[in-house]
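Student: Could you look at this predicted model? Sequence included:
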Amino acid sequence: MGGNTDYGRKIDIMRREALRKLLIELPEICYDFMVSIEPRTSILTRLNYAYDFKIFFSYLSESKFNKKNTADISVDDISNITARDIEMFLEYLSYYTMNGKERTNNNSGKKRKLCSVRSLFKYLYKHQYIKNDVTSLVGTPKIPEKPILKMDYTEVRKLFHNLDSGEKLTPREKAFQKYTLQRDKTIMILLLGTGIRISECVGLNINDIDFEKASFIITRKGGNKALLYLPAEVMEELENYMEIRKHRKTEPGHENALFLSMQNSRITARAVQNMVKKYAGRSIPLKNITPHKFRSTYGTNLYNTTGDIYLVADVLGHKDVNTTKRHYAAINEEKRRIAAQVTEILGNDDDEQ
């Protein structure tokens, strides 16, 4: 099926090599932790854990363990870490240098790194390597809720009008667009009409699409596969695109890739981000529209149409429906205004006559 591609295997191998190099620099117990979570996590998740551990133990090496080599930090050392040490680590994340580069973290970045450290300490406590899980004493950085930024129907129509006409493009961009117009249009309508992630989109293969049943298979985070269905508008653009795609000669290893770059290899997530930015930035300049905003637009429209938050969670691939509720089930401002207008408190004077 689509997810198990040459491209995907190359990325997977690169990530595994990066993880092994990082583990050499980390306390030995981190390797045991990675082995324990491997059956239920992706290689990307484990690699992100390792990056976070590298920052955490590098900080502790300097601040608590007298510049001890991070690989030599023992379980006994870890058992002496206090809640205050972790709170100071969170403060350190606001601004620090690593490998000669200045780095900063907002509360979102701090929360993610704290979650990684908590996972490690939870593992150590569960397996009785440490007597106390001090991370449970540390408060989670608060992240303010952001309003969902999405496109309305007028903005969507304007975006596709400018895409078709090319009137907002430079002469150089117009020269390239005659080769990429159908591809770009198909990618954007696919994202907008199905709510799939950008990684799921660029990972699609030709044989993932079932044109007879108007369905397709995507590979979710963690490697799970999901069968989704295609709206008629998306199917039409896909069929138009395939008339062009079947005549393209590809680079070795990319023969089955659905969407191709100008170099005839699988298109990258960065290329799709830049493509969306190019069109959306000139069509809807007051909103920072990204591929993820296409997903938000789809999710909001689906919820407003069906009122079924569980359906939205399933189609978007959310593991926890509370995530979906938090983003899509909130009462919007327009509905609040309507509620205020239709509610009578004191009644009408005419009612008493």
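Tutor: Everything's here; your move.

Student: From here on, just use CA atoms for contacts and neighbour counts.
Tutor: Fine.

Student: contact partners of stretch 271-283?
Tutor: Stretch 271-283 has contacts (C-alpha atoms under 8 Å, 6 or more residues apart in numbering) with 155, 158-159, 162-163, 168, 184, 188, 198, 287-291.

Student: Give me the distance from it to the chain's centre.
Tutor: 18 Å (C-alpha atoms, centre = their mean, to the nearest Å).

Student: any idea of the mean pLDDT for that stretch?
Tutor: Per-residue pLDDT over stretch 271-283 has a mean of 88.

Student: would you list the contacts of stretch 271-283 in CSV and tack on pLDDT, distance to residue 16 and neighbour count?
Tutor: Formatted as CSV, the contacts of stretch 271-283 follow (pLDDT from 0 to 100; distance: C-alpha to C-alpha, whole Å; neighbours: other C-alpha atoms under 10 Å):
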residue, pLDDT, distance to residue 16, neighbour count
155, 86, 42, 14
158, 87, 43, 15
159, 87, 40, 20
162, 85, 42, 16
163, 87, 39, 22
168, 81, 43, 15
184, 93, 32, 20
188, 91, 32, 21
198, 90, 22, 20
287, 79, 37, 13
288, 79, 34, 12
289, 81, 33, 21
290, 81, 29, 20
291, 82, 27, 24
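
Student: Name the nearest of these relative to residue 20.
Tutor: Of all the contacts of stretch 271-283, residue 198 has the smallest distance to residue 20: 27.1 Å, by C-alpha to C-alpha.

Student: Just to check, that closest one is in contact with residue 292?
Tutor: Yes. Using C-alpha atoms under 8 Å, residue 198 is in contact with residue 292, at 7.4 Å.

Student: What residues does residue 209 make contact with?
Tutor: 215, 216, 217.

Student: Surely residue 216 is within a helix?
Tutor: No. Looking at residue 216 with DSSP: H, G, I helix; E, B strand; the rest coil, it is strand, so not inside a helix.

Student: Geometric centre of this protein: which residue is closest?
Tutor: Note on the chain: the residue nearest the mean C-alpha position is residue 197, at 6.8 Å, using C-alpha atoms, centre = their mean.

Student: Span of stretch 34-42 from start to end?
Tutor: Stretch 34-42 has an end-to-end distance of 11 Å (C-alpha to C-alpha, to the nearest Å).

Student: pLDDT of that stretch, averaged?
Tutor: Across stretch 34-42, the per-residue pLDDT values average to 92.

Student: Now do the buried residues in that stretch.
Tutor: Neighbour counts over stretch 34-42 (16 or more other C-alpha atoms under 10 Å) mark residue 34 as buried.

Student: which residues sit against it?
Tutor: 46, 221, 222, 223.

Student: Quick check: can you list the domain ranges of the chain?
Tutor: For the chain, automatic domain parsing gives the domain ranges 6-137, 153-330.

Student: so how far is the longest one from its chain's centroid?
Tutor: Think domain 153-330. 14 Å.

Student: Counting neighbours, what do you get for the residue nearest to residue 184 when sequence neighbours are not counted?
Tutor: Counting by C-alpha to C-alpha, 6 or more residues apart in numbering, residue 275 is the residue found nearest to residue 184 once chain neighbours are left out, at 7.4 Å. Using other C-alpha atoms under 10 Å, residue 275 is surrounded by 17 other residues.

Student: got it, and residue 16?
Tutor: 16.

Student: same question, residue 182
Tutor: Around residue 182 there are 21 residues (other C-alpha under 10 Å).

Student: ok but residue 97 is inside a strand, no?
Tutor: Yes. According to three-state DSSP, residue 97 belongs to a strand.

Student: Look at it and report its pLDDT.
Tutor: 88.

Student: Next: the one 3 residues further on.
Tutor: For residue 100, the model assigns a pLDDT of 83.

Student: That one: how many residues sit nearby?
Tutor: Number of residues near residue 100 (other C-alpha under 10 Å) recorded here: 7.

Student: cool, residue 160 as well?
Tutor: Neighbour number of residue 160 under other C-alpha under 10 Å is 17.

Student: distance of it from residue 308?
Tutor: Distance, residue 160 to residue 308, by C-alpha to C-alpha: 28 Å.

Student: what's the answer for residue 103, then?
Tutor: Taking C-alpha to C-alpha as the measure, residue 103 falls 42 Å from residue 308.

Student: Which members of the contacts of stretch 271-283 are the farthest-apart pair?
Tutor: 168 and 198, at 24.2 Å, using C-alpha to C-alpha across these.

Student: what about this structure, any weak spots by pLDDT?
Tutor: 1-8, 145-149, 286, 323, 326-353 (pLDDT under 70).

Student: Leaving out chain neighbours, which residue sits closest to residue 216?
Tutor: residue 209 (4.4 Å).

Student: Phi first, then psi, for the one you found.
Tutor: Note on residue 209: backbone dihedrals following degrees, to the nearest 10 are phi -100, psi 130.

Student: for the domains of the chain, which one sits closest to residue 143?
Tutor: Nearest to residue 143, of all the domains of the chain, is domain 6-137, at 6.0 Å by C-alpha to C-alpha.
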